[in-house]
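1. curious how this folds, go ahead:
(chains A and B)
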Amino acid sequence: MYLHGRTEFIGRYTLSDLFDRTFKMVARTWRTSLGYSVALYVPVSFLMALTISHLFGTISDLVHLHLPEESAGTEILIRLAPSIGWMLLLALVAGLGQLFVNLAVGHNVAIAAGGMAPPPAAYARITWKRSFWPVVLQGLMKVAAVFAVMVAAVILGGIGALLSLLGRHSGTIMAIAIITAYIIAIAAILALSVYLFFGAQAVVFDRYNPYDGLVHSVRLVRGGFWRVLGISLLISMMFSFAMGLITTPIITISLLPAISQAMSFAADNSGGRADASLRMLDGFRGMSGGIGVAMAIQGVATTVFYPVFYGLFYIDLKFRRGELPPPLPASEPPASEPPAPVPPETEPPAAGAETDGA
Amino acid sequence: MELDGRWEGGNRNPLTAAVLLVIGLGTFYFLAQSLLLNGYVLIDELAHRSSMSAGDIRSVLRQFYSRYRVPILVILALTQYLLLFLLTVISVRRWHSRSVFAYLGYRRLPPGGVVLAIAGVLALLPSVEYIGRLIYSLVPGLQKLADSSPLVRPRSGAQMLLVYFAIAVTPAICEETLFRGYFQRTLQRKMRAPWHYLISGTVFALYHQEVLSLPSLIMVGVYLGFLYSRYRSIYTTMGAHFAYNATLIYLSNANLRPSPFIDESGFTPLAVALSAALFVALAAAIVATTKTGTKPGDAQAT
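-> Predicted coordinates:
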């Protein structure tokens, strides 16, 4: 409901356009992305680094203790449980926080693409009021859909296995049935994830409810499945490579003491195994700082880039479906609406009222 | 030179194209290299049931490189020519200009410039080697490995030729075409010196994925970018890149007698100090004998 203006961001994009507009949009959204993601990732990464360091410290202590074999399992579990529990909690906070920040940036993209410019602080309120919980609910629906596919695959494999017991080459047929069910499940989960990919954008940009957002995503992707899949794969590979260039040196530097120890042992073949393990564990404790910094950089970069890219991809798909007005003629200046603190409240379209053109 | 490629229409930013191509080519370059090399090693190991004997890691590395030196070098050269060079040329033609080689800076070999550029990089080498050695000395375990890496120490003359071709000639052509000819050239259209060559030099260093050599590689990359910025001809940077890599290969294989300039561990502090002073003088000579560095928008004017 934000995209009623006619700006340079509304149109049919080639892949080059999509990248080019992404970089141009980042110039408008970076304050929101950076502000929100730094507020999230700096404390979370710091706490995660402390937890990892504590975890390796505990493991090192356990090796030093030479626990008796009969009680070692329980003792290890009791000592490691707090660190592991804390890590899981932090991962949950980071996951939900990342969703919130991405949605806030998504609102910024939608509002900027519609020709408006409220201050960055407004996006947190808009996200909390309109899209956070619906998208969380939508995520649960996606998980349920994937789970249903897996259950169906297990049933399919089971039926194949049962039928194979009736035949002479039961082992071979059973293996083929299970492998077939497994391949079908993977293909179905991949297809589901592509078709449901733009559900969150539908909630953010057009204020659909969670279920209608998923239906709308399927409608947008239909007919362009391979394009969406190809571009998504390409972008994730390129992003991973770019992040690797930056974060690998950081992690490697933090790992150097452990690597050096390992290489010394490997080069000289000296020292006992327990001694080597202890020194390696101490070295790994130093890695936690590097992991924390790398995690923060990766999180911030992800927030700066991904919500913008997929927000514009959503606009492109909507445009291809005829849901948006034609682009600006080259001579016409961009829409110059007065900055609005909060975008206008309008009702989402009924899910069935969309055009379904090629 | 006319900027008539697809990217040039529609008010698109050339910097986006530069970043995209460098990241995109890097993704496919490392992926292809890794798949080809690991695939070859896997098939070979399966076919010959691993003839490498167990031992300490240095002897395992020596066995690995002596067995796979040729495929490693062939795959390295092949992926550089096909992915870094050829795809860069094709992309420039489609995105920017039909005058591909003019865009990339393949023009007017300045003989005096090439001599100064090569002298400069050779003067830089002792400082680069010394800094690298200092960093490695902080991590003794890795230094032992680095000292025993035999990739560039082949036993036969034919393999030595292959080493020079794959490690000195090929990167001088392919990496220079991508990093200076395309990446820096495109950055120059929107950025002022020294930013374009600082960025291209740093990205060039990061591409090598050698963490301990990163400061040394940044120094070399920035110097090559500086040369390209001053001379606007890729031949100067190709000459300097070739001379740098070829000298490193030569030094790895040479049995140099100890002298006031070199000992068993490498260049002496005296050699480093003298060569650093020479480098500063050569850089000043390059600045004095060339025009002012490029300004944003120069690409359209050439």
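
2. how about the nearest residue to A:A191, chain neighbours excluded?
-> What sits nearest to A:A191 in space, not counting adjacent residues and going by C-beta to C-beta, 6 or more residues apart in numbering or on different chains, is A:F225, at 7.5 Å. Where C-beta positions appear, they are placed from N, C-alpha and C, glycine not excepted.

3. separation between the one you found and A:F313?
-> A:F225 sits 14 Å away from A:F313 when distances are taken as C-beta to C-beta, to the nearest Å.

4. and these two? Which one has more around it.
-> Neighbour tally, A:F225 and A:F313, criterion other C-beta atoms under 10 Å in any protein chain shown: the higher count belongs to A:F313, 23 against 12.

5. wait, that one sits on A:I231?
-> Yes. Between A:F313 and A:I231 there is a contact at 7.1 Å, judged by C-beta atoms under 8 Å.

6. tell me the residues that contact both of those two, please.
-> Shared contacts of A:F313 and A:I231 (C-beta atoms under 8 Å, 6 or more residues apart in numbering or on different chains): A:L18.

7. for B:F267, grab phi and psi.
-> B:F267 adopts backbone torsions of phi -70, psi 140, taken as degrees, to the nearest 10.

8. identify the bridge partners of it.
-> Beta bridges link B:F267 to B:I262, judged by DSSP bridges.

9. count of neighbours near it?
-> Burial of B:F267 is recorded as 21 neighbouring residues (other C-beta under 10 Å).

10. tell me who's in contact with it.
-> For B:F267, the set of contacting residues under the criterion of C-beta under 8 Å, 6+ apart consists of B:P126, B:E129, B:Y130, B:F261, B:S275.

11. close to chain A: what parts of the stretch 151-300 of chain B are there?
-> Where proximity means C-beta under 8 Å from any C-beta of the partner chain, the interface of the stretch 151-300 of chain B facing chain A comprises B:V203, B:L206, B:Y207, B:Q209, B:V211, B:L214.

12. touching, the third one and B:T27? I think so.
-> Looking back up the chat, that one is B:Y207. No. B:Y207 is beyond contact range of B:T27, at 11.3 Å (criterion: C-beta under 8 Å).

13. where does the stretch 101-250 of chain B have low pLDDT?
-> B:141, B:144-149 (pLDDT under 70).

14. so where do the helices sit in it?
-> Shown for the stretch 101-250 of chain B, the helices assigned by DSSP state H, counting those that start in this stretch span residues B:111-137, B:140-148, B:157-164, B:170-175, B:185-188, B:195-207, B:214-231, B:234-253.

15. name the helices or strands packed onto the host helix or strand of A:A110?
-> With elements taken from DSSP states H and E, the one containing A:A110 is helix A:69-113. Using 3 or more C-beta pairs under 8 Å, 6 or more residues apart in numbering or on different chains; DSSP states H and E as the contact definition, the elements that helix A:69-113 packs against are helix A:15-65, helix A:122-126, helix A:132-166, helix A:199-206, helix A:273-320.

16. give me the mean pLDDT for the shortest one.
-> This means helix A:122-126. For helix A:122-126, the mean per-residue pLDDT is 86.

17. the last one too?
-> Taken as a whole, helix A:273-320 carries a mean pLDDT of 82.

18. next, the angle from it to helix A:69-113.
-> 30 degrees (axes from the mean of the first three to the mean of the last three C-alpha atoms, to 10 degrees).

19. and the fourth one, by the same measure?
-> Helix A:199-206 and helix A:69-113 are oriented at 30 degrees to each other (the same axes, to 10 degrees).

20. re earlier: pick the most deeply packed of the helices of the stretch 101-250 of chain B.
-> Of all the helices of the stretch 101-250 of chain B, helix B:185-188 has the most neighbours on average by mean count of other C-beta atoms under 10 Å in any protein chain shown, namely a mean of 26.

21. need the residues that contact stretch A:66-86.
-> The contact list for stretch A:66-86, computed with C-beta under 8 Å, 6+ apart, reads A:T51, A:H54, A:L55, A:T58, A:I59, A:D61, A:L62.

22. okay, buried residues for that stretch please.
-> Within stretch A:66-86, the residues that qualify as buried are A:R79, A:S83, A:W86, counting by 16 or more other C-beta atoms under 10 Å in any protein chain shown.

23. check the offset of that stretch from the chain's centre.
-> In terms of C-alpha atoms, centre = their mean, to the nearest Å, the centre of stretch A:66-86 is set 32 Å apart from its chain centre.

24. what do you get for stretch A:8-27?
-> Distance, stretch centre to chain centre, for stretch A:8-27: 21 Å (C-alpha atoms, centre = their mean).

25. and the contacts of it?
-> By C-beta under 8 Å, 6+ apart, the list of residues contacting stretch A:8-27 reads A:3, A:33, A:109, A:112-113, A:231, A:304-305, A:308-309, A:311-313, A:315-316, A:319-320, A:324-325, A:327-328, A:334, B:6-7, B:10, B:12-13, B:15-17, B:19-20, B:95.

26. what sits against A:V308?
-> Listed by C-beta under 8 Å, 6+ apart, the contact partners of A:V308 are A:T22, A:M25, A:V26, A:T29, A:S33, A:V105, A:V109.

27. which among the residues you listed gets closest to chain B?
-> Nearest to chain B among the contacts of A:V308: A:T22, at 8.0 Å, using C-beta to the nearest C-beta.

28. mark which of the contacts of A:V308 are buried, thanks.
-> The neighbour count (16+ other C-beta under 10 Å) marks A:T22, A:M25, A:V26, A:T29, A:S33, A:V105, A:V109 as buried among the contacts of A:V308.

29. sorry, back to before: need the winner for burial among the helices and strands packed on helix A:69-113.
-> Burial among the helices and strands packed on helix A:69-113, expressed as mean neighbours by mean count of other C-beta under 10 Å, is greatest for helix A:199-206, which shows a mean of 27.

30. contacts for that one, please.
-> Contacts of helix A:199-206 from elsewhere in the structure, counted by C-beta under 8 Å, 6+ apart, are A:1-3, A:102-103, A:106-107, A:110, A:130-131, A:134-135, A:138, A:142, A:208-210, A:212-214, A:216-217, A:220, A:310-311, A:314-315, A:318, A:348-349.

31. pull that helix out as CSV, backbone CA atoms only.
-> Listed next in CSV are the C-alpha coordinates belonging to helix A:199-206 (Å, rounded to 0.1, in the frame of the first residue of the first chain):
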residue,chain,number,x,y,z
GLY,A,199,5.4,-13.7,1.8
ALA,A,200,7.1,-11.3,4.2
GLN,A,201,7.4,-8.6,1.5
ALA,A,202,3.7,-9.0,0.8
VAL,A,203,3.0,-8.3,4.5
VAL,A,204,5.4,-5.3,4.6
PHE,A,205,4.6,-3.7,1.3
ASP,A,206,0.9,-4.5,0.9
